[in-house]
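>>> Sequence plus the predicted model coming up.
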Amino acid sequence: MTPSDVMAISKHLPVLYFYNFEDHGWGFTLHHQGEAVSAFDLSYEQEEVDLMNYVQGKFPDQNAVELLYISPDFFGICSRRRPSHNLSGSTPWWMTSKQSLVSKR
């Protein structure tokens, strides 16, 4: 069945298109009278994408992966806000801090 077939059917009755990308997210689109009337998409990775975009925008000349995951000190910016780099598997420092990187100017 092609997308045009689905749209043709939706002219006569509502069609719900549901998808599940397992570990990545899920969503749906409701088609009615030949148009998409409602849609929802949940990405399990969206917070990660937003954080990467923020860091890339804030530090365009730096590697965002290096800053977030490899560099233990984040160029000294975060060392004033968190305990020493912790590899014990406990809660990440950015989830426990009351301050965020957004407030740092």
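That came in fine, so what should we check first?

>>> can you tell me how far L67 sits from H32?
46 Å (Cβ to Cβ, to the nearest Å). All C-beta spots, glycine's among them, are computed from the backbone N, C-alpha and C.

>>> Neighbour count: these two, which is higher?
A count of neighbours by other Cβ atoms under 10 Å puts L67 above the other of L67 and H32, at 20 against 15.

>>> helix/strand/coil for the more buried one?
Per DSSP: H, G, I helix; E, B strand; the rest coil, the local secondary structure of L67 is helix.

>>> elements contacting the helix or strand harbouring F28?
Assigned by DSSP states H and E, F28 belongs to strand 25-32. With contacts taken as 3 or more Cβ pairs under 8 Å, 6 or more residues apart in numbering; DSSP states H and E, strand 25-32 sits against helix 3-10, strand 15-20, strand 35-43.

>>> Arrange these in JSON lines, one row each, with mean neighbour count and mean pLDDT as further columns.
Output for the helices and strands packed on strand 25-32, formatted as JSON lines (neighbours: other Cβ atoms under 10 Å; pLDDT from 0 to 100):
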{"stretch": "helix 3-10", "mean neighbour count": "13", "mean pLDDT": "90"}
{"stretch": "strand 15-20", "mean neighbour count": "12", "mean pLDDT": "93"}
{"stretch": "strand 35-43", "mean neighbour count": "11", "mean pLDDT": "93"}
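
>>> how about TSV for these, with distance to D61 added?
Shown next, in TSV, are the helices and strands packed on strand 25-32 (distance: least, Cβ to Cβ, whole Å):
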stretch	distance to D61
helix 3-10	42
strand 15-20	38
strand 35-43	28
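
>>> So which of these is nearest V55?
Between V55 and the helices and strands packed on strand 25-32, the shortest separation by Cβ to Cβ is 18.2 Å, and it involves strand 35-43.

>>> Can I get the closest one as CSV, trimmed to CA atoms?
Taking C-alpha atoms only, strand 35-43 is exported to CSV below (Å, rounded to 0.1, in the frame of the first residue of the first chain):
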residue,chain,number,x,y,z
GLU,A,35,-5.5,15.3,5.2
ALA,A,36,-3.3,14.7,8.3
VAL,A,37,-5.4,16.1,11.1
SER,A,38,-3.3,15.0,14.1
ALA,A,39,0.2,13.8,14.7
PHE,A,40,2.5,13.0,17.6
ASP,A,41,6.2,12.1,17.6
LEU,A,42,8.2,11.1,20.7
SER,A,43,11.9,10.8,20.3
